[in-house]
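[1] Please work out how this folds:
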Amino acid sequence: MKRLPIPEDVTGDEIDADVRQELMSLPKTLAEDVARNLVMVANLLDEEPEQAYAYSRVALRLASRVAAVREAAGFASYATGKYSEALAEFRAARRMTGSVELWPIMADCERGLGRPERALAMAGEPEVQKLDKAGQVEMRLVAAGARKDMGQAEAAVVTLQSPELASNAVQPWTARLRYAYADALLEVGRETEAREWFAKALEADQGGTTNASDRLAELDGVEFTDALEEDAENEVQAEAEAEVEVKDEVAEPAEAKDEVQAEAKDVDEAEPAKDVKDEESGSQG
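    Numbering: from 1, shown residues only. Now for the predicted structure:
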């Protein structure tokens, strides 16, 4: 079995206590190996999802009967757009644990597979009532997305209208809920309201989970210039100008040489005439 390199400072102790508890069913050395791979999945999931996926497959081959491993494999597959694999892993994890926690993301996998009607049906199942508040909000977001997928933009707006949206309290999911609502409003042409809700999303977005600021700027007609891109363009322009200057410097000596040669040629052509004139003068004497 091919193993992927893992930094020495990744010990496996970084995983959550409940995951560590699950791994206790494995032999100690194997448990440590699986734990280290799971840590790599968690560390790479946001920035390098393909690498996270690779580590998740290693963990899956080592311990496919551990629910936490199946769940991690599901999230890595989901992050790389492998929705069929993700759904299979989430279902396996749910069978092992009996938990409904993964219900919203399972529904979103159905959307990813082009089956929004199934996602919408899942939003109406009894499992949703067993979710905590965060899970219920997540399910509402998925349902609204499914409505949009089906071309039901107005229904998406209505789906997102809820006590959680109206609340002034800021929760971990508040920014995303407000952002989704603003986006839905914009899609049905309610631009003024959309701007208001993008502003509210930005106000609640302490972790930068949305691009509400960019959407606001777009609505206000503001264009941002990427400083790095601008510096790169200036550098390219400077290099081009320097290259032109070098070519000019090379050309000048060549032109000067041509002028010297031309003058020399004129002198050479003039001298025979002078000799003839001198001879004529001598004969007359």
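
[2] now the helices for the stretch 51-200 of the chain?
    Shown for the stretch 51-200 of the chain, the helices assigned by DSSP state H, counting those that start in this stretch span residues 67-79, 83-97, 103-112, 116-122, 133-149, 153-160, 163-166, 174-187, 191-204.

[3] Provide the contact partners of the second one at residue level.
    Right, helix 83-97. Under the contact criterion CB atoms under 8 Å, 6 or more residues apart in numbering, helix 83-97 has outside partners 60, 65, 67-68, 70-71, 73-75, 77-78, 99-100, 102-103, 105-106, 109-110, 112-113. Backbone N, C-alpha and C define where each C-beta goes, glycine included.

[4] quick one: that helix to helix 103-112, angle?
    For the pair helix 83-97 and helix 103-112, the angle between their directions (axes from the mean of the first three to the mean of the last three CA atoms, to 10 degrees) equals 160 degrees.

[5] Mean confidence (pLDDT) on helix 83-97, please.
    Per-residue pLDDT over helix 83-97 has a mean of 97.

[6] got the CA positions of it in CSV?
    Extracted C-alpha coordinates of helix 83-97, given in CSV (Å, rounded to 0.1, in the frame of the first residue of the first chain):
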residue,chain,number,x,y,z
TYR,A,83,-20.3,13.8,-5.1
SER,A,84,-21.1,10.2,-5.8
GLU,A,85,-18.2,9.0,-3.7
ALA,A,86,-19.0,11.6,-1.0
LEU,A,87,-22.6,10.4,-0.7
ALA,A,88,-21.6,6.8,-0.4
GLU,A,89,-19.1,7.6,2.4
PHE,A,90,-21.6,9.8,4.2
ARG,A,91,-24.2,7.1,4.0
ALA,A,92,-21.8,4.5,5.4
ALA,A,93,-20.8,6.8,8.3
ARG,A,94,-24.5,7.4,9.1
ARG,A,95,-25.2,3.7,9.1
MET,A,96,-22.3,3.2,11.6
THR,A,97,-23.3,6.0,13.9
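
[7] Buried ones in that helix, by neighbour count?
    Neighbour-count burial for helix 83-97 flags 83, 85, 86, 87, 88, 89, 90, 92, 93, 94, 96 (criterion: 16 or more other CB atoms under 10 Å).

[8] Dump the residues you listed into CSV; add distance to residue 137 as well.
    As requested, those are exported to CSV (distance: CB to CB, whole Å):
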residue, distance to residue 137
83, 21
85, 26
86, 21
87, 21
88, 26
89, 23
90, 19
92, 25
93, 21
94, 20
96, 25
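
[9] Would you tell me which one of the helices of the stretch 51-200 of the chain is buried the most?
    Mean neighbour count, computed with mean count of other CB atoms under 10 Å, is highest for helix 67-79 among the helices of the stretch 51-200 of the chain, reaching a mean of 25.

[10] what packs against it?
    If you count contacts as 3 or more CB pairs under 8 Å, 6 or more residues apart in numbering; DSSP states H and E, helix 67-79 packs onto helix 17-23, helix 28-44, helix 49-62, helix 83-97, helix 103-112.

[11] Residue 217 is in contact with residue 198, correct?
    No - no contact is recorded between residue 198 and residue 217 when judged using CB atoms under 8 Å, the distance being 9.7 Å.

[12] Pull the contacting residues for residue 39.
    Going by CB under 8 Å, 6+ apart, residue 39 touches 10, 12, 14, 15.

[13] And those, which of them are buried?
    Judged by neighbour count, with buriedness set by 16+ other CB under 10 Å, the buried members of the contacts of residue 39 are 12, 15.

[14] now, which of the contacts of residue 39 sits nearest residue 32?
    Closest to residue 32 out of these is residue 12 (5.0 Å), distances taken as CB to CB.
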